[in-house]
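K.L.:
Okay, sequence plus prediction incoming.
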Amino acid sequence: MERMDAIVSGKVQGVGYRYFVRDKATRLKLVGEVENLEDRTVRVVAEGERDSLERLIVQLHRGPLFSHVEHISVSWSAGTSAFTEFRIR
């Protein structure tokens, strides 16, 4: 199991982005959380199989209908088993 920590910038707040991420992550059987940050970015922390995490990154770039993703910064580490589901913060 691996852990992905991503910061997503662009028009990603006020457009349903966190709900979109939770839906995609849950479908990919990932656990973790997504939250809005004060600087208008969104942070996504997800744990699971590398293939599923990479598929989530593709979805992060797409986003929901009214979003516009400009940049995603991703870091990788070993999974921590800190989550039991994927939640919105």
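P.N.:
Yes, it's here.
K.L.:
Quick one: residues contacting the most centrally placed residue in the chain.
P.N.:
Central residue of the chain (C-alpha atoms, centre = their mean): Val44, 3.5 Å from the mean position. Shown in contact with Val44 (C-beta atoms under 8 Å, 6 or more residues apart in numbering): Met4, Asp5, Ala6, Ile7, Val8, Val21, Ala25, Gly32, Glu33, Val34, Leu56, Leu60. C-betas here are computed from N, CA, C, even on glycine.
K.L.:
and those residues, which are buried?
P.N.:
Burial by neighbour count, judged by 16 or more other C-beta atoms under 10 Å, picks out Met4, Ala6, Ile7, Val8, Val21, Ala25, Gly32, Glu33, Val34, Leu56, Leu60 from those.
K.L.:
Quick check: the two most widely separated of those residues?
P.N.:
Farthest apart among those by C-beta to C-beta are Ile7 and Ala25. That separation is 15.8 Å.
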